[in-house]
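Participant: Kindly return the folded structure for what I paste below:
(chains A, B and C)
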Amino acid sequence: MTKQYETVIGLEVHIELATKTKIFCGCSTEFGGAPNTHTCPVCTGMPGSLPVLNKQVVEYAMALGLAANCKITQVCKFDRKNYFYPDNPQNYQISQLYLPIARDGYVEIETGTGKKKVRIHEMHMEEDAGKLIHDEWDDTSMVDYNRSGVPLVEIVSEPDMRSADEVIAYLEKLRMIAQYLGVSDCKLQEGSMRADVNLSVREAGTEEFGTRTEMKNLNSFKAIAHAIEGERERQIELLEAGKEVVQETRRWDDNKEHSYAMRSKEDAQDYRYFPEPDLVPIVISDEWIAQVKARQPELRTEKLERYKKEFDIPQYDAEIITESKKMADLFEATTEICGKPKKVANWLMVETFRLMKDHGMEAEDLTFSPANLAKLIDLVDAGTINSSVAKKVFEKVFAEDVDPEKYVEENGLKMVNDEGALRETIEKVIEANPQAVADYKGGKEKALGALMGQTMRAMKGKANPGIVSQMLREMLQE
Amino acid sequence: MANRISDETIEYVGILAKLELSDSEKEAAKADMEKMLDYIDTLNELDTTGIEPMSHVFDVSNVFREDIVTNGDDREEMLANAPQHTEDSFKVPRTIG
Amino acid sequence: MGILDLTALELGQKIQKKEISVREAAEAALERAQAAEPVINSYVTLDPEGALSQADEIQRKIDAGELTGPLAGVPVAVKDNMCIRGQLTTCSSKILSNFKPVYTAQAVINMKNAGAVILGKTNMDEFAMGSTTETSYYGPTKNPHNTAHVPGGSSGGSCAAVAAQECFGALGSDTGGSIRQPSSFCGVVGMKPTYGTVSRYGLVAYGSSLDQIGPITKDVSDCAAFLEVLASHDPKDSTSIRREDCRFMEALADDVKGMKIGIPRDYMGEGLDGEVKKAVMDAAKVLEEKGAVVEEFDLGLVKYAIPAYYTIASAEASSNLERFDGVKYGYRTAEYEDLHNMYKKTRSEGFGAEVKRRIMLGSFVLSSGYYDAYYLKALRVKALIKKAFDSAFEKYDMILGPAAPTTAPELGSSLSDPLKMYLGDIYTISVNLAGLPGMSVPVGKDSKGLPIGMQLIGNVFQEKKLLRAAYTYECATEKQFERPAHLSGEDGQGTDGAGQSETAKEAHQA
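Facilitator: Numbering: from 1, shown residues only, chains lettered A, B, ... in the order given. Take a look at the predicted model:
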């Protein structure tokens, strides 16, 4: 291995739109559901059924296009892409080839090596396919059309990426944009964000692109990174051995960390695109674009700046909180209620992130309400509970969205501020720890900590640490 | 102008259209297609430069649906039409080996 | 006059007046159908039980005053490419031989809402591909006027059923002439409305940009009444058009004074049968005598309509028919090795020769490297053809010509040379390409006793003009629906066994 190679990567990213209904019929897009219950004649390809376009799909696609700096195609059309496969009930997919909704945009990404622009070639609307489940025993597959017709936007980038890091940064950027716009939840595990990787290698310094392959079935960032590494090595090995890379579609198997060619004699890859005669053109006026733009929610950079100004929180905090729209929404809503941005930020950045990590969750999976987090913060501030109790209560809020006031009340977790009870306990602690008392009196400030700990333990953690510390000092003076 | 359709072309179109033709059908298909394509080639007598291809006759655009759920409940009847099915799904020959 | 000799509107009126019950009407049509079917073969599915229970239900609603429309209680037939929930819908193909839709076509719903009784589903060329109804998996339909001849196609079953009095009107579909040409061959009135007038939801697609459902009836008044019911804006069909005025029966006026009618010279020349030409020119003269201004003109581009049509229709069909794959419904081959083998065997066994021919052609013209040269070229020619019509309609209120170059050919004489068969569509096909309304009206018979049809073509949304001209022609000639000679009860000249017993029964009733 003497030559240096450069990896050239372009991505086709499918984002499932968060509409309530499918792109061409009124069936629910809800995830899950018993097989074939979210279906109708349209999304199961019944003879005589006809598609009618969901307006929300167009607006979401426009929003994505605008957020990625694309030009909106003001007369756009759907085309049929013809290929036989059982998950595709009509044996053609309604998609866009000739006049896709958005073209010529870019997004900016940032990696360890700095900032760069990844250009977007085009974005188009299309319908998703159904799901196939394979039966190991009798050599058959089961077809479930619940996903058939769920709206997708496919985002096709230019071959502008050079490493797995850039690819991940690009995907994260797209995901953040989609989530901020509220057009998709972009969950890789549920398949609401999927990427096909087009990859070629070329000798460093050369201008011409090498022959590329397309890799499918990549359903996690980890798999994408692995697949890129694996395919890069495979292609370099071929070239080093004097062989040629074949332009083909390959399927990545993340368990075996290996990709397979998806070649078949029956797979001509000639999709015979032609304009969909059952749908009429979409004409997008300047006014419509302006409306969608006006409705566009604040994106991350704007939010970041606003947070620093409006809430006076540090850059670092603002960055972490705005990384996901859901987190930012929680932050704003909670702050709105309790008016303590720095404290809200701390709860989100420390305890919330810790619990998310423990449970393997993403911000989108959070279910607790801003009202309950705000109450919890108020309870701490009012001295009703101390911070260690608060952490325990928050676990309940996080998991079940319990009302912290009620929970504290019902479980007797209130701090004891009653001086009589405290005085009694402290007297006992002083009595039982003559050494520590002597040490403190001898000038060892540290010994106070030990006495505090003993007192808190005796009070089962419910004592107000400030009061305990103050009383201890006073009583030790006596 | 005479169009010639090769065996390979007929084979290829058969793959696209998922039709398996017998040898005699293939010969007939070749002859039919050659004849039809010759006929279709007469369109080239017309100068269509600058003419937009017309897929829709009417200048109708922006026909939309609102995003409102109207799930059906026809699974049983729908599956009853399937040549092979389980209680909740269509059944096909295994798709991935 | 027996029940069967009534037009749909006459029958409807008698039903409202309680002179005839809905059940009586349905039974009369069913009896006629059961007697005629062994020879004519108009129906793929006749549903006596369902029809009679519909009849009773409709009678109840009429008695309750809930149904007062002119077609309430009228028994009709539906072409077998329109879905009816729970009823076989085969498109006359083996591949759909066991398919029962879970929903009903909007056009059929409209008929049902108007109180029509659906007797059954009529035979057709397989997937509406053909001009003779001989490509049906269920055998050919015969022309009731002469059973050695075809009824035309693809709506041959519907037209024959109306002609043979096996129903009082029927629904057909027209992609390149499939209503007008068989109507002409069977001596009935048939109209293809402006594209988008009748919802295509539930019509099994052949060429989506060309398909349109329309009425097939005994006379022009029935045609207007049926169209009034069928036309509706349907949010389930994106290409359905919201039309302002669908009160087509208002157009039935005996008056064409000042109406400008153009006869394309290119329709009356080479290839047109002399007897057909004479009958059509005579009909034009009748309208002229009634005050219309009739003149000849050059339409242009006529010979390019067929190649453009077969390119576009075959391309769309190749895609529309991909869904028939042995997975979700219909026929699946008995033995197969794997998925793709299953697809290929199912489709090869399930489709007939003409359908396969068009799928192959359509797949080819869309395939990589040919799309521009063939498909886009055809769409450009379509634009030119539309322009030619546009300029004709700047001068004329309507275009008049023949519906077909000849009368009905003999059975078995057409399929051997597809290209020749396609040429028979020359006068009807461009109307679909341009999305225009067109209708066929009977204007006489040739020396063999086979009906001849005149075609009237209007500008988009001008069905009313066509209906008015056709109605005026009917009034002037005192033309009435002519039942085939051998079905006649009075003259007793039954030519074959089919109608005999039926005729006798009817004579008793009368």
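
Participant: give the contact list for residue 42.
Facilitator: All of this is about chain A. A:22, A:24-25, A:27, A:49-51, A:149 (CB atoms under 8 Å, 6 or more residues apart in numbering or on different chains). All C-beta atoms are positioned from the backbone trio N, CA, C, and that covers glycine.

Participant: meant chain B actually
Facilitator: C:303-304, C:307 are the contacts of B:Thr42 under CB under 8 Å, 6+ apart.

Participant: Keep only the residues you listed that also lie close to chain B.
Facilitator: Filtering these for neighbours of chain B using CB under 8 Å from any CB of the partner chain leaves C:303-304, C:307.

Participant: Just confirm C:Leu4 contacts C:Leu30, I think it does.
Facilitator: No. C:Leu4 is not in contact with C:Leu30 according to CB atoms under 8 Å; the separation is 11.0 Å.

Participant: Could you pick out the longest strand of chain B?
Facilitator: If you go by DSSP state E, chain B has its longest strand at strand B:90-93.

Participant: any residues touching that strand, and which ones?
Facilitator: Against strand B:90-93 from outside (CB under 8 Å, 6+ apart): A:36, A:86, A:139-143, A:145, B:79, B:82, B:84-85, C:327-328, C:336, C:338-339, C:342.

Participant: send the alpha carbons of it over as PDB?
Facilitator: C-alpha atoms of strand B:90-93 as PDB (Å, rounded to 0.1, in the frame of the first residue of the first chain):
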ATOM      1  CA  PHE B  90     -50.100 -11.300   1.800                       C
ATOM      2  CA  LYS B  91     -47.800 -14.200   1.100                       C
ATOM      3  CA  VAL B  92     -45.300 -14.300  -1.600                       C
ATOM      4  CA  PRO B  93     -42.300 -16.500  -2.600                       C
END
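
Participant: How far off centre is the host helix or strand of A:Gly230?
Facilitator: Take DSSP states H and E as the rule and A:Gly230 turns out to sit in helix A:221-240. Once both centres are worked out by CA atoms, centre = their mean, to the nearest Å, helix A:221-240 turns out to sit 25 Å from its chain's centre.

Participant: Check which helices and strands it sits against.
Facilitator: If contacts are counted by 3 or more CB pairs under 8 Å, 6 or more residues apart in numbering or on different chains; DSSP states H and E, helix A:221-240 sits against strand A:5-16, helix A:164-181, strand A:193-203, strand A:213-218, strand A:249-253, strand A:258-261.

Participant: how would you label B:Ile68: helix, strand or coil?
Facilitator: coil (DSSP: H, G, I helix; E, B strand; the rest coil).

Participant: ok but C:Ile457 is inside a strand, no?
Facilitator: Yes. Remark: C:Ile457 belongs to a strand, assigned using three-state DSSP.

Participant: who's in contact with it?
Facilitator: By CB under 8 Å, 6+ apart, the neighbours of C:Ile457 are C:389, C:398-401, C:431, C:436-438, C:466.

Participant: Phi and psi next, for the residue nearest to it when sequence neighbours are not counted.
Facilitator: Once flanking residues are discounted, C:Ile457 sits nearest to C:Ile399: 4.2 Å by CB to CB, 6 or more residues apart in numbering or on different chains. Reported as degrees, to the nearest 10, the phi and psi values for C:Ile399 are phi -110, psi 140.

Participant: Quick check, pLDDT for C:Ile399.
Facilitator: You'll see C:Ile399 listed with a pLDDT of 98.

Participant: about what we covered before: residues of the helix holding A:Gly230 that come out buried?
Facilitator: A:221, A:223-228, A:230-232, A:234-236, A:239 (16 or more other CB atoms under 10 Å in any protein chain shown).

Participant: try stretch C:236-244
Facilitator: C:236-241.

Participant: again, but for stretch C:347-360
Facilitator: Counting neighbours by 16+ other CB under 10 Å, stretch C:347-360 gives C:347-348, C:350-352, C:354-360 as buried.

Participant: Save those as a markdown table, and put in distance to chain A, pLDDT and secondary structure too.
Facilitator: Formatted as a markdown table, these follow (distance: CB to the nearest CB, whole Å; pLDDT from 0 to 100; DSSP: H, G, I helix; E, B strand; the rest coil):
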| residue | distance to chain A | pLDDT | secondary structure |
| --- | --- | --- | --- |
| C:Arg347 | 10 | 98 | helix |
| C:Ser348 | 14 | 97 | helix |
| C:Gly350 | 13 | 98 | helix |
| C:Phe351 | 14 | 98 | coil |
| C:Gly352 | 17 | 96 | coil |
| C:Glu354 | 18 | 94 | helix |
| C:Val355 | 14 | 97 | helix |
| C:Lys356 | 16 | 97 | helix |
| C:Arg357 | 17 | 94 | helix |
| C:Arg358 | 14 | 96 | helix |
| C:Ile359 | 11 | 97 | helix |
| C:Met360 | 13 | 97 | helix |
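
Participant: Could you dump the residues you listed into CSV with distance to A:Gly45 added?
Facilitator: Formatted as CSV, these follow (distance: CB to CB, whole Å):
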residue, distance to A:Gly45
C:Arg347, 15
C:Ser348, 20
C:Gly350, 16
C:Phe351, 17
C:Gly352, 22
C:Glu354, 23
C:Val355, 18
C:Lys356, 20
C:Arg357, 24
C:Arg358, 20
C:Ile359, 17
C:Met360, 22
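
Participant: element containing the spatially closest residue to B:Glu77 that is not a sequence neighbour, please.
Facilitator: In space, and not counting its chain neighbours, B:Glu77 is closest to C:Val102: 4.7 Å by CB to CB, 6+ apart. In this assignment (DSSP H and E), C:Val102 forms part of neither any helix nor any strand.

Participant: Pull the contacting residues for C:Ser154.
Facilitator: Counting by CB under 8 Å, 6+ apart, C:Ser154 has contacts C:124-125, C:128-131, C:133, C:173, C:175, C:178, C:182.

Participant: List the ones among those that fall in strands.
Facilitator: Under the assignment DSSP E, the contacts of C:Ser154 contribute C:Ser173 to strands.

Participant: ok, so of the contacts of C:Ser154, who is nearest A:Ala421?
Facilitator: Proximity of these to A:Ala421 was ranked by CB to CB; the top entry is C:Ser173 with 90.1 Å.

Participant: what number of residues lie near the closest one?
Facilitator: Burial of C:Ser173 is recorded as 28 neighbouring residues (other CB atoms under 10 Å in any protein chain shown).

Participant: Not counting sequence-adjacent ones, nearest residue to it?
Facilitator: With CB to CB, 6+ apart, the residue lying closest to C:Ser173 is C:Ile213, at 5.1 Å.

Participant: which stretch of helix or strand covers that neighbour?
Facilitator: Going by DSSP H and E, C:Ile213 is in strand C:212-217.

Participant: what helices or strands is whatever helix or strand comes next after that strand leaning on?
Facilitator: Downstream of strand C:212-217, the next assigned helix or strand under DSSP H and E is helix C:220-230. Helices and strands touching helix C:220-230, as assessed by 3+ CB pairs under 8 Å, 6+ apart, comprise helix C:8-16, helix C:106-113, strand C:189-192, strand C:212-217, helix C:463-477.

Participant: out of those, deepest packed?
Facilitator: Among the helices and strands packed on helix C:220-230, strand C:189-192 has the highest mean neighbour count (mean count of other CB atoms under 10 Å in any protein chain shown), at a mean of 34.

Participant: Flag the shaky bits of chain A, pLDDT-wise.
Facilitator: A:1-2, A:263-265, A:417 (pLDDT under 70).
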